[in-house]
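Trainee: just need the structure, nothing else, for what follows:
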Amino acid sequence: MATNGTVLVAASVVVDDHCPIACEVVGDQAQFTLGHEDGHDLFLAVSELGLESLIDVATAALAQIRAAR
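Mentor: Modelled structure (predicted):
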């Protein structure tokens, strides 16, 4: 549990071929919105190094999914 006053929240969203994905770069962050902007969306703010890590993990996951076909 965070001890510095940070609020921790668990959330999930299913990202499929019908899920809108938007991204805006603000300063040194890529700010993603996954889902519909009707209160049923997930916001994700990612730094440059975080984005590199996310890309690496997503690329590996995509390779595993495709290899299983």
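
Trainee: can I take it that Q31 is in a strand?
Mentor: Yes - applying DSSP: H, G, I helix; E, B strand; the rest coil, one finds Q31 inside a strand.

Trainee: and it, how many neighbours?
Mentor: Using other C-beta atoms under 10 Å, Q31 has 14 other residues around it. C-beta here means a position set from N, CA and C on the backbone, and glycine is covered the same way.

Trainee: which residues does it bridge with?
Mentor: Beta-bridge pairing of Q31, defined through DSSP bridges, involves E24, A45.

Trainee: against V14, how distant is it?
Mentor: Distance, Q31 to V14, by C-beta to C-beta, to the nearest Å: 20 Å.

Trainee: ramachandran angles for L34?
Mentor: Phi and psi for L34, reported as degrees, to the nearest 10, are phi -110, psi 120.

Trainee: can you check the pLDDT for it?
Mentor: Predicted confidence (pLDDT) for L34: 92.

Trainee: next up, the contacts around it.
Mentor: L34 is in contact with 13, 15, 19-21, 41-42, 44, counting by C-beta atoms under 8 Å, 6 or more residues apart in numbering.

Trainee: ok, it to E24 distance?
Mentor: 13 Å.

Trainee: leaving out the residues flanking it, which one is nearest to the one residue sitting closest to the centre of the chain?
Mentor: Central residue of the chain (C-alpha atoms, centre = their mean): L44, 5.3 Å from the mean position. Computed as C-beta to C-beta, 6 or more residues apart in numbering, the closest residue to L44 that is not its neighbour in sequence is F32, at 4.4 Å.

Trainee: done for today, thanks.
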